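> Fold the following for me, if possible:
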Amino acid sequence: MVNDWSDALLSAEALTVAYDDVPVLTGLDLDIARGDFMIIVGPNGCGKSTLLKTLARVHQPRSGRVLLDGLAVARLRGRQVARRLSLLPQGAVAPDGITVGELVARGRHPHHTLLRQWSADDQRAIDAALARTHLTELARTPVATLSGGQRQRAWVAMVLAQDTEVILLDEPTTFLDIAHQYELLELLAELNTEGRTIVAVLHDLNQAARFASRLVVMCEGEIRGDGPPAEVLTSDLVQSVFGLGAEVISDPQSGTPMVVPHVRR
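Model prediction:
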């Protein structure tokens with residue numbers, strides 16, 4: 001489907017991606033508007049992560065193209081893309097012995113050139129990223145000694161230090177307890193209000209509906225729904241995409257859609 005969203009910042013056009021000749025995405029079109037807080041949901045294996053990595057130029061499509069402000073990302077230098085677009089993938093692994101501060105500092109590498117190395121701006125960006133993820137006191141701590149949740153926040157801090165206009169996150173709430181999940185999603189919402197374009201893959205439909213300005217639902221490599229959560233998230237869609245009988249009601253706290261699964265006896 002092609003969406004009529006104005007002011008597209010990042011776009012996929014007729015995107016086809018395959019692994020070992022098995023297609024994962026086929027002819028997919030998606031426009032991401034400047035200022036979107038887009039959350040992508042869908043069952044396991046539907047192509048969510050593949051789409052995110054292809055948008056970030058980690059995967060090369062068989063056909064079609066990705067555009068960043070109208071320019072084909074395949075023709076841009078890696079550093080050009082990394083200054084405007086950051087990706088937090090699933091299962092990122094830190095090098096042995098690296099500290100939290102050193103990991104976060106790696107987010108500044110795209111901003112360095114032969115003529116411009118370390119600067120006060122870099123340190124400010126790192127300090128701000130550590131503070132926003134509540135890791136300042138752990139800056140000298142080896143990443144390997146952190147809990148799973150702390151480690152995930154360190155990766156988020158690295159992405160924040162990269163200071164890009166577009167932030168792509170693949171299941172960023174992994175390993176976080178429920179309080180830290182909501183804390184992270186609220187941070188992403190703040191970044192969005194500050195002008196960042198956010199695209200995240202989540203599994204929790206209720207979290208997605210509460211925070212997304214735009215919900216994209218994928219199934220079998222296709223987009224089955226795209227728009228404001230209140231318009232997209234219905235009982236019929238939950239049944240057809242996830243095979244789950246459920247009622248969709250209004251969240252008493254936020255007023256956003258909330259999925260309540262049927263009791264299975």
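> Please make it C-alpha for all contacts and neighbour counts, starting now.
Will do.
> Give me the distance between the helix or strand harbouring residue 15 and the centre of its chain.
If you go by DSSP states H and E, residue 15 is part of strand 8-19. Distance of strand 8-19 from its chain centroid, counting by CA atoms, centre = their mean, to the nearest Å, is 15 Å.
> what do you get for stretch 254-265?
With CA atoms, centre = their mean, you get 24 Å for stretch 254-265.
> Now the terminal residues of it, how far apart.
By CA to CA, to the nearest Å, the extent of stretch 254-265 from end to end equals 30 Å.
> residues in contact with it?
Stretch 254-265 is contacted from outside by 205-206, 209-210, 229-230, 233, 235, 244-251, using CA atoms under 8 Å, 6 or more residues apart in numbering.
> Pick the one among those residues closest to residue 126.
Using CA to CA, residue 210 comes nearest to residue 126 of the contacts of stretch 254-265, at 29.1 Å.
> Near that closest one, how many other residues are there?
Residue 210: 18 surrounding residues under other CA atoms under 10 Å.
> contacting residues for it?
254, 256-257.
> do you know how far it is from residue 161?
For residue 210, the distance to residue 161 - CA to CA - is 26 Å.
> any idea how far the helix or strand following the strand holding residue 15 is from the chain center?
Beyond strand 8-19 on the C-terminal side, the first helix or strand identified by DSSP H and E is strand 22-33. Relative to its parent chain, strand 22-33 has a centroid offset of 16 Å by CA atoms, centre = their mean.
> What mean pLDDT does strand 22-33 get?
Averaging pLDDT along strand 22-33 gives 95.
> Each with direction, which strands does that strand pair with?
Partners of strand 22-33 in the sheet, by DSSP bridges, are strand 8-19 (antiparallel).
> Flag every buried residue along the partner strand.
By 16 or more other CA atoms under 10 Å, the buried positions in strand 8-19 come out as 8-18.
> Identify the residues contacting residue 118.
residue 112.
> quick check: domain ranges of the protein?
1-84+164-265, 93-163 (automatic domain parsing).
> Give me the buried positions along stretch 219-237.
By 16+ other CA under 10 Å, the buried positions in stretch 219-237 come out as 219-230, 232-235, 237.
> Please apply the same query to stretch 194-206.
196-203, 205-206.
> Any chance of the residues you listed in a markdown table with distance to residue 70 and pLDDT as columns?
Shown next, in a markdown table, are the buried residues of stretch 194-206 (distance: CA to CA, whole Å; pLDDT from 0 to 100):
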| residue | distance to residue 70 | pLDDT |
| --- | --- | --- |
| 196 | 18 | 94 |
| 197 | 16 | 97 |
| 198 | 18 | 97 |
| 199 | 18 | 98 |
| 200 | 21 | 97 |
| 201 | 24 | 97 |
| 202 | 27 | 97 |
| 203 | 30 | 95 |
| 205 | 31 | 97 |
| 206 | 33 | 97 |
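> Show me those residues that map onto strands.
The strands, defined by DSSP state E, take in 197-201 from the buried residues of stretch 194-206.
> Kindly reformat those residues as TSV containing distance to residue 61.
Output for those, formatted as TSV (distance: CA to CA, whole Å):
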residue	distance to residue 61
197	23
198	22
199	19
200	20
201	19
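> from those, which is closest to residue 23?
Among those, residue 201 lies closest to residue 23 (CA to CA), at 20.0 Å.
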